[in-house]
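Participant: show me how the following folds:
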Amino acid sequence: MILDKLLEFSDGQDLLQSQGSFYSSNAIDLSTTLGDPGAGNPLAVVIVVDTAFTSSASTGTVVFAVIDEENATLDSGSIVIVQTAPYIVTSLTLGKIIVILIPAGLITQQFLGMKYTIGTDDTTAGTVTAHLAMPGGAQTNIKPIIKHDGGRARSSPPSN
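Facilitator: Got it, this is the predicted structure:
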């Protein structure tokens, strides 16, 4: 998967927090970054747990939500587009990858971000990195060149 810094919501964002809602460090301005996000295709948010989550009673939960907003200020007025079910913190182990699919047509505002909701118990550790991506991570703007080599077909990247 190819990741782009301009499509990053959180980079090792610390979610050692009391119960409540917290927002990604970055909001993506779709008008300058993507123009037409997904161009009618679904998008995805890829979340990676950088530091395992814990809570004092191991009963804490985290809900990951994709939100959109008319301005760069992500807050309680932001609209939840899609969200996960609550994850128990003990399931949010180092390296866990969570993919949230965003169906085409759900993004209606200029800015996109993440909302992290801590519930049931305060977290005592946990960091995440989150990016906007194409489902499957397929880069579709490069077409391979097929060359024939002694009767065998082989693929090579385009030459500049």
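Participant: give me the distance between the two termini of stretch 115-129.
Facilitator: Stretch 115-129 stretches 13 Å from its first residue to its last (Cα to Cα, to the nearest Å).
Participant: worst-scoring helix or strand of this protein, pLDDT-wise?
Facilitator: Least confident helix or strand of the chain, by mean pLDDT, DSSP states H and E, is strand 145-149 with a mean of 44.
Participant: in this protein, which segments are predicted with low confidence?
Facilitator: The chain contains residues with pLDDT under 70 at 1-3, 33-39, 136-160.
Participant: centroid residue for it?
Facilitator: The centre of the chain sits closest to residue 45, judged by Cα atoms, centre = their mean, with a distance of 2.7 Å.
Participant: element containing it, please.
Facilitator: According to DSSP states H and E, residue 45 maps onto strand 43-55.
Participant: helices along the chain, start to end?
Facilitator: Counting by DSSP state H, the chain has helices at residues 30-33.
Participant: for the spatially closest residue to residue 117 that is not a sequence neighbour, grab the count of nearby residues.
Facilitator: Distances taken as Cβ to Cβ, 6 or more residues apart in numbering put residue 63 closest to residue 117, at 4.3 Å, once the chain neighbours are dropped. Heads up, the C-betas are built off the backbone N, CA and C, glycines and all. If you count neighbours by other Cβ atoms under 10 Å, residue 63 ends up with 16.
Participant: contacting residues for residue 63?
Facilitator: 83-87, 116-117, 119 (Cβ atoms under 8 Å, 6 or more residues apart in numbering).
Participant: now do residue 129
Facilitator: Each residue near residue 129 by Cβ under 8 Å, 6+ apart is listed here: 8, 10-13, 47-48, 50.
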